[in-house]
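Visitor: predicted model and sequence follow; I will ask about them next.
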Amino acid sequence: QVELVESGGGLVQAGGSLRISCTASGRIFSLYAMGWFRQAPGKEREFVAGMTWSGGRSRYHDSVKDRFTISRDNAKNTVYLQMNRLKPEDTAVYYCGYSRKDYSGPRPEPYDYWGQGTQVTVSS
């Protein structure tokens, strides 16, 4: 079992920045990917960004590609999401996912574990 704990969410004004983190613990396999998804009220969960173990492949949703950056510290089993130039439409609960298959893409099925989420609210 792998436990994921997100942190760093909060309230920020439009145009501002925020960094959220997700730390994995428990039975952690090597070579795992981690990703970020988000879910706004009344909407389905959507992919935001993902990164493979090596960091050699990162992917982004088109809506965040030039504003968000995913990174990871494997020694700390932690993945980060730096969010810049935030917009009100970025408001959502952000979830991190862990994939034993080292999958960093937008489909939620290959992610084996999920965190509880952290709320990000962007005011206009």
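Guide: Received, thanks. Since we're looking at a predicted model, the values are computed, not measured. Numbers count the residues shown, from 1 in each chain.

Visitor: quick one, phi/psi of the residue most central in space within the chain?
Guide: Centroid check for the chain by C-alpha atoms, centre = their mean gives Trp36 as the closest residue, at 2.2 Å. Backbone torsions for Trp36, taken as degrees, to the nearest 10, come to phi -120, psi 130.

Visitor: hang on, isn't it packed against Gly50?
Guide: Yes: taking C-beta atoms under 8 Å as the definition, Trp36 is a contact partner of Gly50 at 7.1 Å. From N, CA and C alone the C-beta is placed, and that goes for glycine too.

Visitor: re earlier: and the gap between the residue nearest to the centre of the chain and Glu44?
Guide: 15 Å (C-beta to C-beta, to the nearest Å).

Visitor: same check on Gly50?
Guide: In terms of C-beta to C-beta, Gly50 sits 17 Å off from Glu44.

Visitor: name the residues that touch stretch 105-116?
Guide: Stretch 105-116 is contacted from outside by 1-6, 22, 24, 35, 37, 45, 47, 50, 59, 61, 95-101, 103, using C-beta atoms under 8 Å, 6 or more residues apart in numbering.

Visitor: next, the buried residues of it.
Guide: The neighbour-count check on stretch 105-116 (16 or more other C-beta atoms under 10 Å) flags 106, 108, 110-111, 113-115 as buried.

Visitor: quick one: average confidence on it?
Guide: The pLDDT scores in stretch 105-116 average 96.

Visitor: stretch 1-21 now?
Guide: Average pLDDT, stretch 1-21: 97.

Visitor: so where do the strands sit in the protein?
Guide: Remark: strands assigned in the chain by DSSP state E are 2-7, 10-13, 18-26, 33-39, 46-51, 58-60, 68-73, 78-83, 92-99, 113-114, 118-123.

Visitor: strand partners (parallel or antiparallel) of the fourth one?
Guide: Within its sheet, strand 33-39 is paired with strand 46-51 (antiparallel), strand 92-99 (antiparallel), according to DSSP bridges.
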